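J.: pasting the sequence and the predicted coordinates here, then a few questions.
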Amino acid sequence: SALRVLSSIRVSVIVPIMLLAIKESAVDMSPFVRKTAAHAIPKLYSLEPEMKEELIAVLEKLLADRTTLVIGSAVMAFQEVCPDMNELIHKNFRKLVSLLVDVEEWGQIVIVNMLTRYARTQFTDPNLGQTESADAAEDEGEFYENSDDDDDEEDTTEEA
């Protein structure tokens, strides 16, 4: 609650105090406190962009969290502070995918958008180099065309 109020104050004089509060809240036992720390990160970043490196270190801890309450807020903060730093996602990718089902709805949207962008930039295209074989498959006909013909023949034999 105090961090929520502190992060709402838009005065640059309290930036060091706010950073200290975020760092301490990010390692708190309560997931609600860690979630509040994740919500305060973009506010501090918009007030003082020079604090980016310190905020990324805190974000790295929050992205490694296994609590579904925290992970949606951490990804939201990641999107606002450093959306192109895929190295923060590499080690947490599988965990984010497995926790996606249990995250609250707005967090799911943020995580799916982030994972989609991550997948497009990090995974190879499965259709790459298959243009020639795809053309050959079209010339041979559809897979299901042959099975439909077989079904028709079976229907005529059953009627007789």
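T.: Perfect, thanks for sending it. Residues are numbered from 1 along each chain as shown.
J.: which ones are touching residue 8?
T.: residue 43 (C-beta atoms under 8 Å, 6 or more residues apart in numbering). Backbone N, C-alpha and C define where each C-beta goes, glycine included.
J.: same question, residue 85
T.: Residue 85 makes contact with 56, 78 under the criterion C-beta under 8 Å, 6+ apart.
J.: so it, which of the three states?
T.: coil (DSSP: H, G, I helix; E, B strand; the rest coil).
J.: can you pull the phi/psi pair for it?
T.: phi -90, psi 80 (degrees, to the nearest 10).
J.: ok, now which ones touch the residue nearest to the spatial centre of the chain?
T.: Closest to where the C-alpha atoms of the chain average out (C-alpha atoms, centre = their mean) is residue 111, at 3.1 Å. By C-beta under 8 Å, 6+ apart, the contact set of residue 111 is 71-72, 75, 96, 100, 103.
J.: who wins for neighbours among the residues you listed?
T.: Top of the contacts of residue 111 by neighbour number is residue 71, holding 29 neighbours under the definition other C-beta atoms under 10 Å.
J.: against residue 111, how distant is it?
T.: Distance from residue 71 to residue 111, counting by C-beta to C-beta, to the nearest Å: 7 Å.
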